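Participant: What would the 3D arrangement of this be:
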Amino acid sequence: MTDLELLDLVAKKLFLTKGKGVHEDKLTSFEYALRDAGISGTNLVLISSIFPPKAKLVPKSEGLKLIRHGQILFTIYSKNQTSEPHRLVAASVGVARPKDPDRYGYLSEYESFGQSEKTAGDYAEDVSAQMLASSLGIPFDIDKSWDEKRQQWNISGEIYKTQNITQTAVGNKDGKWTTVFAAACLLF
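Facilitator: Numbers count the residues shown, from 1 in each chain. Purely as a prediction, here's the structure:
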């Protein structure tokens, strides 16, 4: 990478990944979740939640081929952990992209206890879509249901696509640490 390229770090690609891990040690449980997600050999840098203009969302399999062990990997991620037996945990990243690829979109991180994958994922997706809608000047009523808001945004024609990646798990029956992890990884 040249000095000029270092000054203009705008990701060209992103991929979504998720994982879970279980271990007696909390940190090792997190490491196992990263291994399950396929990104444990990288140095994660947590960044804020912008989907870069013109960036392409690629499949996880393609994204994993583009990373190297030891590299700094910029991510928007969510993690949740429990050592309570049978406690349901969720980690989710929501994605909202505008119709105009020259504009930026949003990603959101969300962690919860006791929510299903669908409920947690819908919430994260909803938050990212609300942030995008507000940046585009699309009015929305926060008290409306997700389906009503989605219909409102679809009518506006400004939001191209929303989605999420969510990992859930039930706390280990023996009280070992259980970690769930979801991420959007940026590639330059």
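
Participant: where does this protein have low pLDDT?
Facilitator: The model of the chain has pLDDT under 70 over residues 1-7, 140-156.

Participant: which residues in it form helices?
Facilitator: Taking DSSP state H, the helices of the chain run over residues 3-7, 26-37, 60-65, 117-136, 146-156.

Participant: Now those in JSON lines, please, with extra columns for mean neighbour count.
Facilitator: C-beta: built from backbone N, CA, C; applies to glycine. Listed next are those as JSON lines, based on neighbours: other C-beta atoms under 10 Å:
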{"stretch": "helix 3-7", "mean neighbour count": "8"}
{"stretch": "helix 26-37", "mean neighbour count": "19"}
{"stretch": "helix 60-65", "mean neighbour count": "14"}
{"stretch": "helix 117-136", "mean neighbour count": "21"}
{"stretch": "helix 146-156", "mean neighbour count": "14"}
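
Participant: between those helices, which one is nearest to residue 78?
Facilitator: Nearest to residue 78, of all these, is helix 117-136, at 7.5 Å by C-beta to C-beta.

Participant: Check which helices and strands the closest one is in contact with.
Facilitator: strand 88-98, strand 105-113, helix 146-156, strand 159-170 (3 or more C-beta pairs under 8 Å, 6 or more residues apart in numbering; DSSP states H and E).

Participant: what lines up beside the first one in the sheet?
Facilitator: Which is strand 88-98. Under the criterion DSSP bridges, strand 88-98 sits next to strand 105-113 (antiparallel), strand 159-170 (antiparallel) in its sheet.
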